[in-house]
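Asker: Fold the following for me, if possible:
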Amino acid sequence: MIGYIRLEKIKNFFYVSWAILKKYHNMGFAKKGLGFATKTKTRKYKALIKKNNLTSIHIAEKANFKRKYVKENILYYFK
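Answerer: All right, here's what the predicted structure looks like:
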């Protein structure tokens, strides 16, 4: 195992989170895994990312998530 992509259904959305072991960073695994896990277009996905987590922001945007709004220290991304 090198990490995980987690989906949790809450009401009408699948909340998405991910983590990859440090030695596998910058190899594209998170982007590819996130893209695969969220490829079903009939579902709605949401990712909450801390403002200072630039790596996760980059991964979410590469996986076609769009930032909708910011609340306090959290960015809300949807796909």
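
Asker: low-scoring stretches of this protein, by residue?
Answerer: In the predicted model of the chain, no residue satisfies pLDDT under 70.

Asker: if you go through the protein in chain order, where are the helices?
Answerer: Secondary structure of the chain (DSSP state H): helices located at 29-37, 54-62.

Asker: Now mean neighbour count and distance to residue 8 too, for those, in TSV please.
Answerer: Every residue, glycine included, has its C-beta placed from N, CA and C. Below are these laid out as TSV (neighbours: other CB atoms under 10 Å; distance: least, CB to CB, whole Å):
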stretch	mean neighbour count	distance to residue 8
helix 29-37	18	12
helix 54-62	16	16
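
Asker: Ok, which of those comes nearest residue 70?
Answerer: When the helices of the chain are compared by CB to CB, helix 54-62 sits nearest residue 70, at 11.3 Å.

Asker: Would you pull up how far the closest one lies from the middle of the chain?
Answerer: 7 Å (CA atoms, centre = their mean, to the nearest Å).

Asker: likewise stretch 19-27?
Answerer: The answer for stretch 19-27 is 14 Å, by CA atoms, centre = their mean.

Asker: before we move on, the earlier item: could you dump the helices of the chain into a markdown table with distance to residue 78 added?
Answerer: Below are the helices of the chain laid out as a markdown table (distance: least, CB to CB, whole Å):
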| stretch | distance to residue 78 |
| --- | --- |
| helix 29-37 | 13 |
| helix 54-62 | 10 |
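
Asker: right, and those helices - which one's nearest residue 10?
Answerer: Distance to residue 10, taken as CB to CB, is lowest for helix 29-37 among the helices of the chain, at 15.9 Å.

Asker: Against which helices or strands is that closest one packed?
Answerer: With contacts taken as 3 or more CB pairs under 8 Å, 6 or more residues apart in numbering; DSSP states H and E, helix 29-37 sits against strand 3-10, strand 13-20, helix 54-62.

Asker: closest to residue 31 out of these?
Answerer: Per CB to CB, nearest to residue 31 of the helices and strands packed on helix 29-37: helix 54-62, 4.8 Å.
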